[in-house]
Each structure stands twice: as C-alpha cells, then as structure tokens.
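Peer 1: Here is my input; please provide its structure:
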Amino acid sequence: MDYRDQLLTLVDTYGARVNLSRARLGTIIMNQGRFFIDLLPNAEGKRRAVSVDNFLKIKRWFRDHWPDDHPWPPSVDLWGLDDAAPPARDSPGNGAAAA
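Peer 2: Numbers count the residues shown, from 1 in each chain. Have a look, this model is predicted:
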C-alpha cells in the first residue's frame, strides 16, 4: 500500500469514527485543510508528496488520538510508531561497525 494511501486510510477510518472530514483533520493535524484532499490523484493523476517527517508526524498523531475501542487498520503498517531509539552506529547488530 502506498504511504499516501495509508494516510488516507487513517484519516478516513478515524474521521468516520469521530465524525470529522478530511478537511477538518487536515486543519487540526497539519494546519492545512486541503492536505489530505491533495493526497488523492488530481485530473492529471498526480498526488501530493509527503516528507518522511510529516508522514511520521501524521501517523504518530493518529496513534496518540486513536480510539481505544477501535482497531488500528490492518492495512496500515506500524513503521515509525516505535519511539525506541535506533541502534547505535557501532553496535554489533548494526552492520556499520564492520564497514
């Protein structure tokens, strides 16, 4: 699943649950009402790109606000939602130490 489709799945699932539109969630999360609407293909088939930082920011927002009584969408991976620190560059399991 494309990363933009993951974000649309989150916004649509959450929005339906709490009765908020894509535009309203775009304003709340990104201070830009058209943000999620622009993830859809336009007439030329082009879609807004999203930086990794914004992708993670959005996914973390949904993680932090997700209703406890509603399952996380199975089609949306949990990549980037573990706040544990990455392994040190020179840790034995990293592979960078051998380079």
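Peer 1: ok, and the helix or strand in this protein with the lowest average confidence?
Peer 2: Scoring the helices and strands of the chain by mean pLDDT, DSSP states H and E places helix 52-65 at the bottom, with a mean of 95.
Peer 1: Flag every buried residue along that one.
Peer 2: Burial within helix 52-65, assessed by neighbour count using 16 or more other C-beta atoms under 10 Å, is assigned to 55, 58-59, 61-62. The C-beta positions use only the backbone N, C-alpha and C, and glycine is treated the same way.
Peer 1: Need the residues that contact that helix.
Peer 2: With contacts defined as C-beta atoms under 8 Å, 6 or more residues apart in numbering, helix 52-65 is touched by 3, 6-7, 10-11, 14, 29-30, 50, 76, 80-81.
Peer 1: filter those residues to the buried ones?
Peer 2: When burial is judged by neighbour count using 16+ other C-beta under 10 Å, the buried members of the contacts of helix 52-65 are 3, 6-7, 10-11, 14, 29-30, 50, 76.
Peer 1: re the thing from before, out of the contacts of helix 52-65, show me where the pLDDT dips lowest.
Peer 2: Taken together, the contacts of helix 52-65 show their lowest pLDDT at G80, with 72.
Peer 1: gap between the residue positioned nearest the centre of the chain and R47?
Peer 2: What sits nearest the mean C-alpha location of the chain, by C-alpha atoms, centre = their mean, is K59, with 3.2 Å. Per C-beta to C-beta, to the nearest Å, K59 is found 17 Å from R47.
Peer 1: Also P41?
Peer 2: Counting by C-beta to C-beta - P41 and R47 are separated by 5 Å.
Peer 1: Who has more neighbours out of those two?
Peer 2: The residue with more neighbours, out of P41 and R47 and counting by other C-beta atoms under 10 Å, is R47; that gives 15 against 11.
Peer 1: All set now, cheers.
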